[in-house]
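**Q** Predicted structure and sequence below. I'll ask about it afterward.
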Amino acid sequence: MDTLDEAQWQQVRAIEALEADGIVIGGWKLGMTSGESRDALGPGFRPFGYVRHDRIYHQGDTLSWQDVTPGQIETELAIHIDEDLAGDVTPERARRCCRLAAGFELNQKRLGKDASPEARIADNLSQWGIVVGEPLAVPGDWQPEEMVVRILQGNGVVSEVAARGHVDDHFESIARLANRLQRFGRLLRAGDWVITGAFGRVPEPEPGAWTGSFSGVGDVTIQIIR
């Protein structure tokens, strides 16, 4: 077995331990899908990470940054899964079975810069939690590569990134995730939230209101306190 897959199995065993303690898994991330991280662990290799249900925040919630630090926020499209995805999942099927929302990933930097790829996978790819906006049905003419994603602090734009050429196709990512999860004895289920790749990021954000704005999808705001 490849050592990266062995690390993924370590993460799965960590999930099982959490579930044995009553922790509910509320979603997933797919890693190495955007920007400089794309293919960083090999062409087409996309490890997954899990999202705890009790760390899913919603529009207008308040977050104590002391729980996350040292960390960062990243704008990521959040996808709500509306039905179980089992068997051979295609991007076309994924598109029919989900809704879209503006989102943030909350990363926690638990490892040093020299940590191995295997350690990063086993450590859940720095995942701590997510923030999600109101989901909407995928418009029939929606073109994800046309999306522009901004981070705003108050009313000021801190980051602006265009999707074209920056991130994997989101529905291909959902299909990849669903199929990979099945290899590790898990299933992408109705009600799960999925994040599919970072656009902008802000390390150690200052207290205040932070908004992720996704053209054609909507906005989400989280209030950070210290």
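**A** Arrived safely.

**Q** This structure: helices as residue ranges?
**A** If you assign secondary structure with DSSP state H, the helices in the chain sit at 3-20, 91-96, 117-122, 170-183.

**Q** hey, which of those helices is tucked in deepest?
**A** Using mean count of other CB atoms under 10 Å, the stretch among those with the greatest mean number of neighbours is helix 170-183 (a mean of 21). From N, CA and C alone the C-beta is placed, and that goes for glycine too.

**Q** Of the helices of the chain, which is nearest K29?
**A** In this view, these are compared for proximity to K29 by CB to CB, and helix 170-183 is the closest at 8.5 Å.

**Q** The closest one relative to helix 3-20, how many degrees between them?
**A** Orientation of helix 170-183 against helix 3-20 (axes from the mean of the first three to the mean of the last three CA atoms, to 10 degrees) gives an angle of 80 degrees.

**Q** burial count for S64?
**A** Neighbours of S64 under the rule other CB atoms under 10 Å: 11.

**Q** who's in contact with the spatially most central residue of the chain?
**A** Of all residues in the chain, the one closest to the mean position by CA atoms, centre = their mean is I195, 2.6 Å from it. Residues in contact with I195, defined by CB atoms under 8 Å, 6 or more residues apart in numbering, are 27-30, 51, 76-79, 103, 105, 130.

**Q** Mind putting the helices of the chain into CSV with mean pLDDT and distance to W65?
**A** Supplementary listing: these in CSV, determined by pLDDT from 0 to 100; distance: least, CB to CB, whole Å:
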stretch, mean pLDDT, distance to W65
helix 3-20, 96, 23
helix 91-96, 96, 33
helix 117-122, 94, 22
helix 170-183, 97, 28
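
**Q** I'd like to know how far F104 sits from D88.
**A** As for F104, its distance to D88 is 32 Å (criterion: CB to CB, to the nearest Å).

**Q** need the helix or strand of this protein with the lowest average pLDDT.
**A** Using mean pLDDT, DSSP states H and E, helix 117-122 stands out as the lowest-scoring helix or strand of the chain, at a mean of 94.

**Q** chain center to that one, what's the gap?
**A** Averaged C-alpha coordinates place helix 117-122 at 17 Å from its chain's average position (CA atoms, centre = their mean, to the nearest Å).

**Q** Any stretches of this protein with poor pLDDT?
**A** Confidence mapping of the chain against pLDDT under 70 gives the ranges 1.

**Q** Just the C-alphas of stretch 59-67, formatted as PDB.
**A** Extracted as PDB, the C-alpha positions of stretch 59-67 are listed here (Å, rounded to 0.1, in the frame of the first residue of the first chain):
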ATOM      1  CA  GLN A  59     -24.100  33.000   8.300                       C
ATOM      2  CA  GLY A  60     -23.800  35.600  11.000                       C
ATOM      3  CA  ASP A  61     -22.400  33.300  13.700                       C
ATOM      4  CA  THR A  62     -19.600  34.400  16.100                       C
ATOM      5  CA  LEU A  63     -16.400  32.500  16.300                       C
ATOM      6  CA  SER A  64     -13.800  32.800  19.100                       C
ATOM      7  CA  TRP A  65     -10.500  32.700  17.300                       C
ATOM      8  CA  GLN A  66      -8.700  31.400  20.400                       C
ATOM      9  CA  ASP A  67     -10.200  28.000  19.500                       C
END
